[in-house]
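Enquirer: pasting the sequence and the predicted coordinates here, then a few questions.
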Amino acid sequence: MKFATLTSCFERLEATSSRNDMTALLARLLAGSAPDEIGIVCYFVLGEIGPGYSGVNLGIGDRTAAAAIALAAGADPASVEAAARELGDYGDAAARLTGRPAEGLAEFFPTAGSLTVADVHRGFMEIARASGPGSADRKTRILAAMLAAATPLERRYLIRLVTGEMRLGAGDMTLLDALAEAFLGSKAQRPHLEHAYNLSSDIGHVARTLQERGLPGVSAISVTLHRPIRPMLTQRVALLSEILERIGSPVIAVEEKYDGERVQAHKDGDDVTLFSRRLSDVTHQYPDIVRHVRRCVTADTAILDGEAVAFDHETGIYRPFQTLMRRRRKHRVREVAGVIPAIYRVFDLLYVNGESYLRRSYPDRRARLEEVLGRDEQISPAGRIVTGDLDGITEFYLSCIERGLEGVVCKSCAEDSFYRAGAREWQWIKWKTDYAPDLSDTLDLVVIGANAGRGKRAGTYGSVLCAAYNNEEDIFQTVCGMGTGFSDADLADLPRRLAGVRVDRRPARVMVNPQAAPDFWFAPAKVVEVLGLEITESPVHTCNWDPERRRGLALRFPRFVRWRDEKSPEVATTVAEVAAMFRRRRGA
Ligand code: ATP
């Protein structure tokens, strides 16, 4: 496929204002992709270079991008930076600049004539491979050579791809719908593809398999070592007393809830890989946990799901998430690990000695977990009780709080308590310390717009428009405008933080009423944690929109808590969760 075909589709995708049109455009694009390209097309649509877990890092920031554009256009980097400032985007700056490229670039990317999708991917891989002394220059020259071989529109998207600022607003579920439409005749077939995606976390692999081997091939995709499985997620309730009824099994397991980082560990002999909640490879960050897994897991191969937690060995007390985050760094990892040791509390077993455990019940998985993992201070199964009564849950919860834990996670022990990869269902329910009586939890919302700041806030945004995720329709619906809770530094940083996702018009997957239309739009990408007072009905916001009554739901008195960069927009609080909070409050 010509790269120009792809970029003209990108341009049309950016201009669409309906999710259905977006899906139809994508379906046509995918149907016309060759088997060796379809995976790459999927990654590029999502603004990625490969599956998230592959850890391909181009290492190109704005500065390198500007240097490459300058080389390709025979201009100086300062003029490129000035153009990018004026246009608000390096991609548009690259599209606009004209001039003769510097000499000798062809040596770095010898593709004469029109670029293909495969050429571009090959170029990106070359950039990613460049390392060691002189690598920055090599990266710049390869990118410059690609730009010199490209049309203006292609240059725009080359730059947006390498800087990670694609802003098409298509998500993985949109793409799965499009794949189902293109190859299986209807979106109704998406669940088959979604299942394979949840197991493999690689949409390109699902697309290739679907095109080459059809649905039987996709159904055969199974758990594979060193490929992350999408994690099962927890639900929440307003009252502790609702938990037993919601879960519905006569007895439930009440597990300690740790306030650390979710880590999925893959053990393959001595080879251990660790993945984060967002499925990126975090092995280098936890050398201590790698050691514990090697030392204490008795099975040859296994996949464990659990939490890395900072722990004070002297006092025996768990330390908060913020302490663990001090370990999130590129350099001096071992040294800092010595000062802030992490332990691994394992709450599930997904695979052992060549066999998937996803379709085993929770009690079976837990029993096998206890066999493959002895009790050790550094790595052990999550502490828990099994009970059928509310007093038991309450007592255990209070003992967890006393020991510095965050709360409990209650889990079904029924026969069908399978591990549901990627799902947020009523089999797992969390109960935390910070649950306020009015709202049961903070909300994770997606920033889709902003209004210009005035007075003291001139030059930055005055407020941001936040949306919840409607996972049934795969769209984002607004729930509040938020201007409080930001520190001065947070406020000043807003334009920089949101620059990469700014778009000219309402993104296709965003539903906004005219009264709430913001001054600036953002592709749904940035997730923010928000505290609010209560959920009320609203004629303005589109969350849970009832077209007859022309009423949606709004979060009142929203306050900024923190950015959740580790979350993708599709794991934000759902419209159904907001509606459930509203119903509970009304019923209370
Ligand atoms: P979520 O991961 O559900 O989107 P979140 O990141 O805001 O939400 P919480 O709401 O605090 O996190 O709770 C869910 C998280 O709790 C899990 O993703 C996991 O990382 C963590 N956790 C800690 N202990 C357990 C446990 N025993 N069982 C399951 N999850 C646990």
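Expert: Nice, thanks for sending it over.

Enquirer: contacts for the helix or strand of the chain with the lowest mean pLDDT next, please.
Expert: For the chain, counting by mean pLDDT, DSSP states H and E, helix 575-587 ranks last in confidence among helices and strands (a mean of 82). Contacts to helix 575-587, defined as CB atoms under 8 Å, 6 or more residues apart in numbering, come from residues 235-236, 238, 438-440, 443, 468-472, 477, 479, 534-537, 543-544, 553, 555. Using the backbone N, CA and C atoms, a C-beta is placed for each residue, glycine as well.

Enquirer: run the last query once more with 7 Å
Expert: 238, 439-440, 468-470, 477, 479, 534-535, 543-544, 553 (CB atoms under 7 Å, 6 or more residues apart in numbering).

Enquirer: of the residues you listed, which one scores lowest on pLDDT?
Expert: Scanning the contacts of helix 575-587 for pLDDT, the low point is Ser440. It has 52.

Enquirer: ok, back up a step: which of the contacts of helix 575-587 count as buried?
Expert: Burial by neighbour count, 16 or more other CB atoms under 10 Å: within the contacts of helix 575-587 this picks out 238, 439-440, 468-470, 477, 479, 535, 543-544, 553.

Enquirer: my read is that Leu240 contacts Thr394, right?
Expert: Yes - Leu240 lies in contact with Thr394 (CB atoms under 7 Å); the separation is 6.5 Å.

Enquirer: ok, the closest residue in space to Tyr397 that isn't next to it in sequence - contacts?
Expert: Leaving aside its chain neighbours, Tyr397 sits nearest to Val408 (5.0 Å; criterion: CB to CB, 6 or more residues apart in numbering). Residues near Val408 by CB under 7 Å, 6+ apart: 254-257, 396-397, 400, 431.

Enquirer: same deal with Arg549?
Expert: Arg549 makes no contacts at all, as judged by CB under 7 Å, 6+ apart.

Enquirer: give the helix, strand or coil label for it.
Expert: For Arg549, the assignment made with DSSP: H, G, I helix; E, B strand; the rest coil gives coil.

Enquirer: per-residue confidence at it?
Expert: pLDDT, Arg549: 93.

Enquirer: return the residues of the stretch 101-250 of the chain in contact with the ligand.
Expert: By CB under 6 Å from any ligand atom, the residues of the stretch 101-250 of the chain that approach the ligand are 233-234.

Enquirer: if we go to 8 Å?
Expert: 231-234, 236 (CB under 8 Å from any ligand atom).

Enquirer: for the chain, same thing?
Expert: Counting by CB under 8 Å from any ligand atom, the chain sits next to the ligand at 231-234, 236, 255-262, 277, 305-307, 345, 347-348, 382, 384, 406, 408-409, 411, 424, 428, 430, 432, 441-442, 444, 529, 564, 566-567, 571.

Enquirer: ok, of those, which come out buried?
Expert: The neighbour-count test (16+ other CB under 10 Å) marks 231-234, 236, 255-262, 277, 305-307, 345, 347-348, 382, 384, 406, 408-409, 411, 424, 428, 430, 432, 441-442, 444, 529, 564, 567, 571 as buried among the residues of the chain next to the ligand.

Enquirer: now, the residues you listed that are in helices?
Expert: The helices, defined by DSSP state H, take in nothing from those.

Enquirer: can you flag which of those belong to strands?
Expert: Those of those mapping onto strands are 233-234, 236, 255-257, 261-262, 305-307, 345, 347-348, 384, 408-409, 411, 424, 428, 430, 432, 444, 529, per DSSP state E.

Enquirer: for the ligand, what is the nearest residue in the stretch 401-550 of the chain?
Expert: Closest approach between the stretch 401-550 of the chain and the ligand, counting by CB to the nearest ligand atom: Val409, at 3.8 Å.

Enquirer: that residue against Lys257, yeah?
Expert: Yes - the pair formed by Val409 and Lys257 meets the contact definition of CB under 7 Å, at 4.9 Å.

Enquirer: anything in contact with each of those two?
Expert: Taking CB under 7 Å, 6+ apart as the criterion, Val409 and Lys257 both touch Lys430.

Enquirer: measure Ala238 to Ile535 for me?
Expert: Computed as CB to CB, to the nearest Å, the Ala238 to Ile535 distance reads 11 Å.

Enquirer: phi, psi of Tyr461?
Expert: The phi/psi pair for Tyr461 (degrees, to the nearest 10) reads phi -90, psi 150.

Enquirer: low-confidence stretches in the stretch 1-150 of the chain?
Expert: 110-113 (pLDDT under 70).

Enquirer: on that earlier part again, quick check: pLDDT value at the residue nearest to Tyr397.
Expert: 96.

Enquirer: please report how far it lies from Lys257.
Expert: Distance from Val408 to Lys257, by CB to CB: 5 Å.

Enquirer: what do these two both touch?
Expert: Contacts common to Val408 and Lys257, judged by CB under 7 Å, 6+ apart, are Cys400.

Enquirer: export the residues of the stretch 101-250 of the chain next to the ligand as a markdown table, with columns for pLDDT.
Expert: Shown next, in a markdown table, are those (pLDDT from 0 to 100):
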| residue | pLDDT |
| --- | --- |
| Pro231 | 97 |
| Met232 | 97 |
| Leu233 | 95 |
| Thr234 | 95 |
| Arg236 | 87 |
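
Enquirer: mind telling me the two of the residues you listed farthest from one another?
Expert: Pro231 and Arg236 (16.2 Å; CB to CB).

Enquirer: show me how this structure divides into domains.
Expert: For the chain, automatic domain parsing gives the domain ranges 48-163, 233-427, 443-585.

Enquirer: make TSV out of the ones you listed and add distance to Ser33.
Expert: Formatted as TSV, the domains of the chain follow (distance: least, CB to CB, whole Å):
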stretch	distance to Ser33
domain 48-163	8
domain 233-427	24
domain 443-585	21
